[in-house]
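# can't give you the sequence, but here's the structure:
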Ligand code: OAD
């Protein structure tokens with residue numbers, strides 16, 4: 001495909017599977033995070049109220065792991081596709097591997113590990129890089145800091161913006177998500193019927209997908225390379 005002035009719009013909805021080959025565990029695969037941690041203890045607003053120390057430690061560990069993880073070929077190819085498409089990444093991941101691979105437009109539906117926020121005021125957000133958050137550590141408002149993560153039981157503020165992006169997509173790719181967590185899982189229904197769509201996942205998914213989806217049963221690095229070759233006509 002030639003580079004043209006009016007690029008088509010490609011929206012990629014990514015999940016934990018896109019970062020699996022970077023060494024970050026998925027949630028629901030065997031030996032995934034939710035097999036070794038109780039999701040409602042470490043990733044829900046009720047869990048936070050019951051035991052904030054446990055929750056902070058869970059995310060401190062994730063942040064330390066992220067510091068030594070590197071973007072993989074799937075992240076990199078999605079960034080390179082910006083030469084040919086207007087690429088919008090809508091990710092459920094809280095890691096920063098898309099940004100580190102060079103993607104410009106990344107919407108984090110479920111928040112970001114490298115940011116903390118006040119428990120009292122969600123607009124007070126701080127970049128913390130890979131540093132831990134401690135119990136007793138406060139923002140300028142004197143309130144405890146918490147990970148800037150959207151937990152179960154909380155609203156997903158960026159879902160409307162994500163829907164808008166998907167509605168405008170000429171190409172839509174779901175990479176490495178089980179599509180079981182709403183509202184993110186419902187984003188495919190916002191897709192135009194004439195859009196081209198891909199699902200990349202070594203296992204496929206158990207949910208109904210519209211007919212316009214091409215299923216690529218490969219890991220993210222191989223599957224995204226395959227999708228690139230199809231899109232660029234190689
Ligand atoms: P899941 O763990 O539910 O699903 C990961 C998907 O990635 C599965 O379909 C796997 O088959 C697939 N997968 C595994 N290895 C892969 C690889 N190398 N390449 C490509 N795909 C691979 O993760 P998510 O769908 O991202 O939310 O989970 C959604 C949300 O549930 C997360 O954002 C998180 C979690 O609870 C919160 O914590 C709020």
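Cool, the structure landed. Given the structure is predicted, the values throughout are model-derived calculations rather than measurements.
# Now do the closest residue to residue 85 other than its chain neighbours against residue 16, distance only.
With sequence-adjacent residues excluded and distances taken as C-beta to C-beta, 6 or more residues apart in numbering, residue 85 is closest to residue 10, at 3.9 Å. Yep, even glycine has a C-beta here, placed from its N, CA and C like the rest. According to C-beta to C-beta, to the nearest Å, residue 10 stands 21 Å off from residue 16.
# sorry, back to before: the residue nearest to residue 85 touches residue 88, doesn't it?
Yes - contact criterion C-beta atoms under 8 Å: residue 10 and residue 88 qualify, at 7.3 Å.
# From residue 133, how far out is residue 9?
For residue 9 relative to residue 133 (C-beta to C-beta), the value is 36 Å.
# Who has more neighbours out of these two?
Set residue 9 next to residue 133 and count neighbours by other C-beta atoms under 10 Å: residue 133 wins out with 22 against 17.
# show me the contacts for residue 31.
residue 25 (C-beta atoms under 8 Å, 6 or more residues apart in numbering).
# part of a helix, is it?
No - going by DSSP: H, G, I helix; E, B strand; the rest coil, the assignment for residue 31 is coil, not a helix.
# Per-residue pLDDT of it, please?
For residue 31, the model assigns a pLDDT of 88.
# how far away is it from the ligand?
11 Å (C-beta to the nearest ligand atom, to the nearest Å).
# any idea how far that residue lies from residue 187?
For residue 31, the distance to residue 187 (C-beta to C-beta) stands at 27 Å.
# Report pLDDT for the closest residue in space to residue 154 that isn't next to it in sequence.
Nearest residue to residue 154, sequence neighbours excluded (C-beta to C-beta, 6+ apart): residue 45, at 5.5 Å. Listed pLDDT for residue 45 reads 96.
# Then the one 5 residues further on?
pLDDT, the model's per-residue confidence, is 97 for residue 50.
# tell me the contacts of it?
Shown in contact with residue 50 (C-beta under 8 Å, 6+ apart): residue 41.
# can we see that at 10 Å?
Residues near residue 50 by C-beta atoms under 10 Å, 6 or more residues apart in numbering: 40, 41, 44.
# repeat for residue 223
17-18, 74, 77, 173, 175-176, 198-202, 215-217 are the contacts of residue 223 under C-beta under 10 Å, 6+ apart.
# Ranking helices and strands of this structure by mean pLDDT, which lands last?
Ranked by mean pLDDT, DSSP states H and E, the weakest helix or strand in the chain is helix 33-36, scoring a mean of 91.
# And the ligand, is that helix touching that?
No - Helix 33-36 lies apart from the ligand when judged by C-beta under 6 Å from any ligand atom; the minimum separation is 6.7 Å.
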